[in-house]
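Q: Build me a model:
(one chain, ligands or ions: 1)
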Amino acid sequence: MKKLNTSLLFLAAWLLLFSCAEKAQQREIQRGLIAEKAMVVSAREEASKIGIEIIQKGGNAFDAMMATEMALAVTYPFAGNLGGGGFMVYRMADGTVGSIDYREKAPLAAHKDMFLDENGEFVPQLSQQSALASGVPGTIAGIFEAQEKFGKLTPAEILQPVIQLAQKGFVVTENQAQRFQRLRQVATEVNGPETFFNREINAGDTLKIPVLAATLERIAKNGRDEFYKGETAKILAKHMQEKGGIITEEDLASYQAAWRDPIVFPYRGYKVISMAPPSSGGMTLAQIMKMIEPFELSKLGHHSPEYIQVLVEAERRAYADRNFYLGDPDFIEIPVDQLLDEAYLKSRMESFSMEKATLSSDISEGKIVFSESMETTHYSIVDADGNAVSVTTTLNGGYGSKLYIDELGFFMNNEMDDFSAKPGIPNMFGLIGAEANSIAPGKRMLSSMTPTIVEKDGKLWMVVGTPGGSTIITSVLQTILNVIEFDMGMQEAVNAPRFHHQWLPDLINFEPDSFDTTLIQTLKSRGYLINEGNSPVIGKVDAILVLPDGKLEGGADRRGDDKAVGF
Ligand code: GLY
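A: Modelled structure (predicted):
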């Protein structure tokens, strides 16, 4: 009898082992593009290709950054830009890390109440679609600063293929044609009937932008000062003033990008390196990841109600802090150490129970949130030496303020809308602004951009980021967790459906048609408020994963025309 029991036990153990092995085999990872040495993943194939070609010519990640950023300005004017700004986080092959802030600044003539009418009421049109909506652009300063410090080629060599791209044109995609069609009327209203984008542009057309090619040629010849002090600066300032704006030549001449120490924190043996303020990305990502770290997420199961609850409750608490405490560190004191203190973050989650949702109104007084739009773009680069850059750049709204400088060939941002124009009053997204992020001359508006790099065992492991306004942070979070906690490949992790909570409004947004109804019902029964209506696409992640054999896997988001290119 005893012998029989032992045999049965042995059989059961063997069957269990067999079924586990079978499961592991069944879950064969669907990989994205694999490359041996270097990779660029961006919102457009042409931009990824140009970045890779620069690396093949002997350039490094910082040279490729300049090329990719400018190629996006040509082929993806929806968010790629000369008239906007961004953030870049880097990790050199030797493990040193850093970041550059080339966020736009409020012009020197800006003032706190500039978007209020005579009755003190907020006028959204002014901060979103007028010449006053633009901050002083930082993109050219950012890419030149980074390239000058770390790059290997000359700006003229790097910009040459981009100039050719603008001259010879690029093929318009289906998605892009639809956006250009929607743009046409408003671009004409803002810029007049002669404006470049008052034309029919169809999918498959080749679009050439010769004026932008000429601007890039001058920048290639004269360097970053062409944009900030040269002919380009003069045209830009004159145009803005003619349109009722306040950006002057002095604003442009005094603009500087800023090197900043990134936010660096451990998560379950990994090291996460992300953007510091004036982006809220790194701080908020760190707060969320430290709050969820004690939970065994992989055991809860991917997209189980409990997994979603843990993330949502941490997000709710982190966004409440973000909206109250964060702004431009050159203007306000941010209690970074206190906000990232482990004991503080543990205490924040003490009020959470799996039984019932916490109400956002119970988390804090709930007076402060702020605005970003969904239209931004991200690219990730790893070069042949193992240097990595993670870059997110934006005009804020799609095509920014829609103000197109026809003499220069680019759109101006509407980043001033990322300030809180009037504390306590909702902006175009129904969000409310904070005093810490109020407008002041020369101040940078708060951002959610979260360009991030992750290390494993002291080595480069992931380069990741996304557009998506306030959903940027939660999209980056879920992509990282998909790989760390649920063993997904890079492309799989990028493809997986996403959800989002940001404290206020007190709603979980789910990507449409991606989550099952039983899950939604369970969450509702536990007191969660769900946005089942017109949920947007959440994030458009472009990322690179270093595989155990050292090869690179690209994750180019299926939600757009994004593309990984490598060799
Ligand atoms: N304008 C989008 C952001 O900075 O997050």
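Q: Restricting to C-alpha, output whichever strand or helix holds Ile54 in CSV.
A: Secondary structure assignment for Ile54, by DSSP states H and E: helix 45-56. The C-alpha coordinates for helix 45-56 follow below in CSV (Å, rounded to 0.1, in the frame of the first residue of the first chain):
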residue,chain,number,x,y,z
GLU,A,45,10.1,54.1,-40.3
GLU,A,46,12.0,56.9,-42.1
ALA,A,47,13.1,58.4,-38.7
SER,A,48,14.2,55.0,-37.3
LYS,A,49,16.1,54.3,-40.6
ILE,A,50,17.9,57.6,-40.6
GLY,A,51,18.9,57.1,-36.9
ILE,A,52,20.3,53.6,-37.8
GLU,A,53,22.1,54.9,-40.9
ILE,A,54,23.9,57.5,-38.7
ILE,A,55,25.1,54.8,-36.4
GLN,A,56,26.2,52.7,-39.4
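Q: In the protein, what residue comes closest to the ligand?
A: Taking CB to the nearest ligand atom as the measure, the chain has Ser447 as its residue closest to the ligand, at 3.1 Å. All C-beta spots, glycine's among them, are computed from the backbone N, C-alpha and C.
Q: how close does that residue get to Phe87?
A: 7 Å (CB to CB, to the nearest Å).
Q: shared neighbours of these two, anything?
A: Arg103, Ser279, Gly281 (CB atoms under 8 Å, 6 or more residues apart in numbering).
Q: Mark which of those are part of helices, please.
A: Among the shared contacts of Ser447 and Phe87, the ones falling in helices (DSSP state H) are Gly281.
Q: Dump the shared contacts of Ser447 and Phe87 to CSV, plus pLDDT and distance to the ligand.
A: Formatted as CSV, the shared contacts of Ser447 and Phe87 follow (pLDDT from 0 to 100; distance: CB to the nearest ligand atom, whole Å):
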residue, pLDDT, distance to the ligand
Arg103, 98, 7
Ser279, 97, 7
Gly281, 97, 8
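Q: burial of Arg179, as a residue count?
A: 17 (other CB atoms under 10 Å).
Q: repeat for the one 10 residues further on
A: Glu189 sits with 13 neighbouring residues when counted by other CB under 10 Å.
Q: Which helix or strand contains Ala146?
A: helix 139-150.
Q: mind listing what's buried in that helix?
A: Thr139, Ile140, Ala141, Gly142, Ile143, Phe144, Glu145, Ala146, Gln147, Phe150 (16 or more other CB atoms under 10 Å).
Q: about what we covered before: ok now the helix holding Ile54, how far from the chain's centre?
A: 20 Å (CA atoms, centre = their mean, to the nearest Å).
Q: Run through the residues of the chain sitting next to the ligand.
A: Glu372, Ser373, Thr376, Thr394, Asn396, Asp418, Ser447, Ser448, Met449, Gly469 (CB under 6 Å from any ligand atom).
Q: my guess is Tyr90 contacts Asp383, does it?
A: No. Applying CB atoms under 8 Å, one finds Tyr90 not in contact with Asp383, separated by 10.6 Å.
Q: Identify the contacts common to the two.
A: Going by CB under 8 Å, 6+ apart, residues that sit against Tyr90 and also against Asp383 are Ala61.
Q: what's the burial count for Ile209?
A: Counted with other CB under 10 Å, Ile209 comes out at 21.
Q: For it, give me the pLDDT.
A: Ile209 carries a pLDDT score of 98 in this model.
Q: need the next SSE after the host helix or strand of Ala220, C-terminal direction.
A: Ala220 belongs to helix 210-222 when assigned by DSSP H and E. Later in the chain than helix 210-222, the nearest helix or strand by DSSP H and E is helix 224-228.
Q: contacts for that next one?
A: 82, 137, 140-141, 144-145, 218-219, 232-233, 236, 252-253, 255.
Q: Turn those into CSV, including pLDDT.
A: Shown next, in CSV, are the contacts of helix 224-228 (pLDDT from 0 to 100):
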residue, pLDDT
Leu82, 98
Pro137, 99
Ile140, 99
Ala141, 99
Phe144, 99
Glu145, 98
Arg218, 98
Ile219, 98
Thr232, 98
Ala233, 98
Leu236, 98
Leu252, 98
Ala253, 98
Tyr255, 98
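Q: Narrow those to those that are buried.
A: For the contacts of helix 224-228, buried by 16+ other CB under 10 Å: Leu82, Pro137, Ile140, Ala141, Phe144, Glu145, Ile219, Thr232, Ala233, Leu236, Leu252, Tyr255.
Q: can you put the residues you listed in CSV and add distance to Val546?
A: Below are the buried ones among the contacts of helix 224-228 laid out as CSV (distance: CB to CB, whole Å):
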residue, distance to Val546
Leu82, 32
Pro137, 33
Ile140, 31
Ala141, 30
Phe144, 28
Glu145, 27
Ile219, 33
Thr232, 39
Ala233, 41
Leu236, 40
Leu252, 39
Tyr255, 35
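Q: Widest-spaced pair of the residues you listed?
A: Glu145 and Leu236 (19.1 Å; CB to CB).
Q: Kindly indicate the member of the shared contacts of Ser447 and Phe87 with the most neighbours.
A: Most surrounded of these: other CB under 10 Å gives Arg103, at 32 neighbours.
Q: Give me the below-cutoff pLDDT ranges for the protein.
A: Along the chain, the model assigns pLDDT under 70 to residues 1-26, 364-374, 424-433, 533-536.
Q: do that again at 50, thanks
A: The chain contains residues with pLDDT under 50 at 1-2, 4, 14-25, 365-373, 428-431.
Q: hang on, the earlier thing: can you list the residues of the chain next to the ligand in a markdown table and add secondary structure?
A: Listed next are those as a markdown table, based on DSSP: H, G, I helix; E, B strand; the rest coil:
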| residue | secondary structure |
| --- | --- |
| Glu372 | coil |
| Ser373 | coil |
| Thr376 | strand |
| Thr394 | strand |
| Asn396 | coil |
| Asp418 | helix |
| Ser447 | strand |
| Ser448 | coil |
| Met449 | coil |
| Gly469 | coil |
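Q: any idea how far Thr173 is from the closest residue to Val172 other than its chain neighbours?
A: Spatial nearest neighbour of Val172, excluding adjacent residues (CB to CB, 6 or more residues apart in numbering): Asp205 at 4.8 Å. Remark: distance between Asp205 and Thr173 (CB to CB) = 10 Å.
Q: next one: Thr517
A: In terms of CB to CB, Thr517 sits 33 Å off from Thr173.
Q: quick one: which of the two has more around it?
A: Thr173 (17 against 8).
Q: thinking again about what came up before, return the list of helices and strands in contact with the helix holding Ile54.
A: On a contact count with 3 or more CB pairs under 8 Å, 6 or more residues apart in numbering; DSSP states H and E, helix 45-56 meets strand 39-42, helix 61-75, helix 155-168, strand 376-382, strand 563-566.
Q: Flag every buried residue along that helix.
A: Glu45, Glu46, Ala47, Ser48, Lys49, Ile50, Gly51, Ile52, Glu53, Ile54, Ile55.
Q: before we move on, what about stretch 238-254?
A: His239, Met240, Lys243, Gly245, Ile246, Ile247, Thr248, Asp251, Leu252.
Q: And for stretch 212-226?
A: Those buried within stretch 212-226 under the rule 16+ other CB under 10 Å are Leu212, Ala213, Ala214, Thr215, Leu216, Glu217, Ile219, Ala220, Gly223, Arg224, Asp225, Glu226.
Q: tell me the contacts of the first one?
A: Contact partners of Leu212, counting by CB under 8 Å, 6+ apart, are Ala73, Val74, Leu82, Ala166, Leu408, Gly409, Phe410.
Q: which residues touch the fifth one?
A: Counting by CB under 8 Å, 6+ apart, Leu408 makes contact with Leu82, Val211, Leu212, Thr215, Thr232, Ile235, Leu236, His239.
Q: the helices in the stretch 401-550 of the chain, which residues?
A: 471-484, 490-495, 517-525 (DSSP state H, counting those that start in this stretch).
Q: Same list, those helices, but as a markdown table with distance to Lys456 please.
A: A markdown table is the format used below for these (distance: least, CB to CB, whole Å):
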| stretch | distance to Lys456 |
| --- | --- |
| helix 471-484 | 9 |
| helix 490-495 | 13 |
| helix 517-525 | 30 |
